[in-house]
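In: Sequence first, then the predicted structure:
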Amino acid sequence: MRKLIVFFLSIMMISACVSINKLGVSNLSYLYQGESNFADVRFVPFHTSEDVSRVYFKLELSGLLYEEPEPNADYQAKFKISYQLYQGFTTHTLIDSGSMVYNDALFFGSSMPFSSSFEVRTAYPGEFVLNLALTDLNADNTYTTYLELSKQSDYSRQNFLILNEFGRVIFDEFPGVSNDFRLMYKDSLSTNLFVRYYNRDFPIAVPPFIIDKRMSFDYKADSMFDVKLVNGQTPVLRLKEKGFYHFQIDTSVREGVTMFKFLKGFPEVITPGQMLEPLQYLTSRKEYDDLRSNENPKTAVEEFWLNNAGHVERARKMIQRYYLRVQDANRYFTSYLYGWKTDRGIIYIIYGKPNVVYKNDNLERWIYGEEGNIMSITFDFLKVENPFTSNDYLLTKSPTYKESWYMAVNNWRR
């Protein structure tokens, strides 16, 4: 009889003196290269105590290689999740490490995901970087990524866990878009969550050579309400109105967990109106106003691309390419506003995927071209402290980008 599922766990603790943190000097451009990894794996951190954080993960096993370990045996996948925990991107001291090895026979030929979790040692207070690797041991493929763990406050995002109506962890990138959900706070004795609701229309990013100032955020909520906690959990919730909802244990601080109600289908671009808006990056103000004045947004979008492409087939390819970048920008760079509206979003859409990406605790550096080449273009994005998101970055603007910007835009329009 075929085995249902077999998995085994082995934790191998590694001495801090034998590992060096290379994240701060490694090219992390693979983070923005689309769905190129061999298996879809997602990680969610949750601070369970002052000394420990638990990392939940979900893996789509369809990307793994199943093999017979011996003749006439069940086909099995064999994979490993390993981690290394550092205090920041550039420090060399290893705080914690380990690996878990799993065998699976149950999901052979199935689309069902595999999920589990593990603990890491994270002392309060602190800021940490968790370097993660998924290895398909049958195929000898490895996918690496990282998580930033923020443990400076008991009230911030990672002290909450987002669950579905059945109490299982939600791994969706944007769980508030359409899902029913529960929120769980780490302290089961807490009895109340305070919710601030915001519905704001934020401006889009401007070209990189235009020096602008971000307007200060008005923290006065459009409305407020509260939600009861029982054993640290809310009842099943659903976000009704478009905007974002900031859930807090303590309103005397700004930290909390924010849930976003974006347009249906987000991060995909699925309506002509959604396709029209990002054309602001390729048009003058008058051109865009003319496009908006068209009573039929679908016609306006099609005519724009056809007029610039010259013929239908090229227009179709340009549309596919442009809006794939818009969707990727939504997926990678969304914060409290759509990813395509952000500084990283506008650069990604117009220039494409960066060749080199470096990160530290407060900076992302993107390089287009060969590193060190005088013809290459470098963009620096500074991390912004934002109570609603940890994914907010501002570009360091410069007039020197003007020529490259217009060249890139013209490449889209010729």
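Out: Received it, and whenever you're ready, just let me know what you need. Small disclaimer: the values here were computed from a predicted structure and weren't measured.
In: hey, where'd the strands end up in the stretch 101-250 of the chain?
Out: 113-121, 126-136, 141-151, 160-163, 182-185, 192-198, 223-228, 243-248 (DSSP state E, counting those that start in this stretch).
In: Which strands and helices lie in contact with the fifth one?
Out: Read that as strand 182-185. Packing contacts for strand 182-185, counted by 3 or more CB pairs under 8 Å, 6 or more residues apart in numbering; DSSP states H and E, involve strand 160-163. Every C-beta, even on glycine, is put in place using the N, C-alpha and C of the backbone.
In: What are the contacting residues of the strand it packs on?
Out: Residues from elsewhere that reach strand 160-163 (CB atoms under 8 Å, 6 or more residues apart in numbering): 44, 46, 56, 169-170, 175, 181-186, 233, 247, 257, 259.
In: Give me the buried subset of these.
Out: 44, 46, 56, 169-170, 175, 181-186, 233, 247, 257, 259 (16 or more other CB atoms under 10 Å).
In: what ranges of the stretch 301-414 of the chain fall below the confidence cut-off?
Out: Within the stretch 301-414 of the chain, no range satisfies pLDDT under 70.
In: ditto for the chain
Out: 1-22, 24, 34-36.
In: Tell me how it divides into domains.
Out: 16-152, 272-413 (automatic domain parsing).
In: related to what we said a few turns ago, ok, which pair from the contacts of strand 160-163 is furthest apart?
Out: Maximum pairwise distance among these (CB to CB): 19.2 Å, between 56 and 247.
In: and residue 179, how many neighbours?
Out: Residue 179 sits with 16 neighbouring residues when counted by other CB atoms under 10 Å.
In: Next, the contact list for it, please.
Out: 164, 170, 172, 238.
In: Now list the buried members of those.
Out: Judged by 16+ other CB under 10 Å, buried ones among these: 164, 170.
In: Tell me the one among the contacts of residue 179 nearest to residue 32.
Out: residue 172 (19.6 Å).
In: Now the closest one: closest residue in space that isn't a chain neighbour?
Out: Once flanking residues are discounted, residue 172 sits nearest to residue 179: 6.5 Å by CB to CB, 6 or more residues apart in numbering.
In: separation between the one you found and residue 107?
Out: Per CB to CB, to the nearest Å, residue 179 is found 23 Å from residue 107.
In: Now do the strands in the stretch 301-414 of the chain.
Out: 356-359, 363-368, 377-383, 393-395.
In: Pairing partners for the longest one, with directions?
Out: Strand partners for strand 377-383, identified by DSSP bridges, are recorded as strand 363-368 (antiparallel), strand 393-395 (antiparallel).
In: Identify the residues contacting the helix or strand hosting residue 55?
Out: Using DSSP states H and E, the element containing residue 55 is strand 52-60. Applying CB under 8 Å, 6+ apart, the external contacts of strand 52-60 come out as 39-48, 79, 81, 83, 111, 113-122, 130, 134, 147, 149, 151, 158, 161, 169, 171.
In: coming back round to it: check the gap between the residue nearest to residue 172 and residue 385 for me.
Out: Applying CB to CB to residue 179 and residue 385 gives a distance of 28 Å.
In: now residue 70
Out: Residue 70 is 55 Å from residue 385, by CB to CB.
In: what do you get for residue 316?
Out: 43 Å.
In: for residue 215, same thing?
Out: 16 Å.
In: and the closest residue to residue 254 other than its chain neighbours, how many neighbours does it have?
Out: Excluding the flanking residues, the one nearest residue 254 by CB to CB, 6+ apart is residue 387, at 3.8 Å. Residues near residue 387, counting by other CB under 10 Å, number 21.
In: So the nearest residue to residue 123 once chain neighbours are set aside versus residue 124, what's the distance?
Out: When the adjacent residues along the chain are set aside, residue 123 lies closest to residue 51, with 5.8 Å between them (CB to CB, 6+ apart). For residue 51, the distance to residue 124 equals 7 Å [CB to CB].
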